[in-house]
Structure formats: C-alpha cells, structure tokens
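In: Everything below, folded, please.
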Amino acid sequence: MRISSAYQKNSRIRARSGCTGREVAELVLRSAGIGDVRVQEIAGHLTDHYDPARKVLALSSENFNGTSLAALGVAAHEAGHALQHQQHYAPLKLRMALIPVTTFASQLLPIVMLAGFFLFHSIAAIYVGVGIYLVLTLFQLVTLPVEFNASARAKVQLKRLGVISASEMGGVDETLDAAAFTYVAAFISSLGWMLYLLSAARNQR
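Out: As a prediction, this is how the structure comes out:
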C-alpha cells in the first residue's frame, strides 16, 4: 500500500528535465562506461528489473516512456543494479548465486504445504517447510543491502547528472524508500513463517 501510494503520487509529478525513464537509464549506464546492457520496455505494472545474466535493464511501459519523478527514480534504481554488477558488488553476486536454490524452494513450498495438510501436519513436512523458509529468509536478507544500495546509487546519479534538481529529490526519495521497504516486509514475512513452523514442530514433538 505504501509503495502504491508513493508511486501514484509521484507518477503525477513531471520532472523538470523532461527526460524519460529510458533516457535516464541509458544516461546512467553511459556515464559509468557500461555499453553492454540493453534497456528494454516490458509489459505490466512495476515489473521493472535488472537481469544480470542477460544484461538487460527492463522497464515497465509507464517508466520506460514516463517523465515523472517516480519513473526516473525507478529507472535510476534499476541502473544502480547494473552499476553493482559492473563493480562486482558482493551482495549482488551472493544473491545471484542463491537464485537457483531459491527458485527451487519457492516451487517446492506449495507442494510441501499441501502434503503437510493432508498428512495431518506431518512433522517431516513441517521440517521441510522450515528448511524452505530458511532458504527464502536468507535470500530476502541478502536482497536488503542490494536494494538499499541500488537506491542510494540512483539518488547520487540523478543529482550528479543533473537530471533531478534538489527540490525534486523529495519525490524520488519517497518512491524509492517505499519500494525498498517492501523487501524489509518480505524478509519479516519469511522469518515469521519460519519461526511459526519451528514452533509447530516443537508442538508436534
């Protein structure tokens, strides 16, 4: 709710520079000497992401073509991930290494939850669930510095390149800070479920 509110508010405020999200992303990449990352438009709402494996910076249509404070903030944030990749930022490398096992754990989770239900809360299924949430919690924990650092890089680049004035930074800060805290919420959620299942396992014993 917080990110939706902040994004909607600042997506209605046009940046004075008139730059689009695509132009800002390309400007940040170019200024850092990154020439092998492709900026492309994708469908969906807030589907923006950076794919380090394919070296693709994907922006949703509203941010790819948008000239709002929110659009420029999101574009610069994703470019911040490309800068992390270029500079071999350790948390990003660890996050990339965890993606295969995290994807497997996410796909396995619904099966384990159903098995636990139909087996009358089997303690074995509960412990498998604990293991899955341990993986998810670790992934979310590693994600936190990656996302907060990308936002910090975005703010620096927007000001350094003169795309956003000092008086406009408040809207960018509000949007990026709200987005970053969704990852805090995801970490707390995973941790909470892991602790809940550990408690359930103790009760079963």
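
In: Next, name the residue at the spatial heart of the chain.
Out: Nearest to the mean C-alpha position of the chain, by C-alpha atoms, centre = their mean, lies residue 147 at 5.8 Å.

In: Next, residue 74: phi, psi?
Out: With angles defined as degrees, to the nearest 10, residue 74 sits at phi -60, psi -40.

In: Same check on residue 65?
Out: Main-chain torsions, residue 65, degrees, to the nearest 10: phi -100, psi -10.

In: what about it, how many neighbours?
Out: The local packing of residue 65 (other C-beta atoms under 10 Å) involves 14 other residues. No exception for glycine: its C-beta is placed from N, CA and C like everyone else's.

In: when you give positions from now on, start the count at 606
Out: Okay, using 606 as the starting number, the last item reads as residue 670.

In: Quick check: closest non-adjacent residue to it.
Out: Of all residues beyond its chain neighbours, the one nearest residue 670 is residue 625 (5.6 Å), with distances taken as C-beta to C-beta, 6 or more residues apart in numbering.

In: Residue 763 now?
Out: residue 769 (4.2 Å).

In: Contact partners for that neighbour?
Out: 620, 622, 674, 677, 763, 777 (C-beta atoms under 8 Å, 6 or more residues apart in numbering).

In: now residue 655, what's its secondary structure?
Out: Three-state call for residue 655 (DSSP: H, G, I helix; E, B strand; the rest coil): strand.

In: For it, report the pLDDT, please.
Out: Residue 655 is assigned 97 on the pLDDT scale.

In: My understanding was that it contacts residue 662; is that so?
Out: Yes - when contacts are counted by C-beta atoms under 8 Å, residue 655 is listed as touching residue 662 (5.1 Å).
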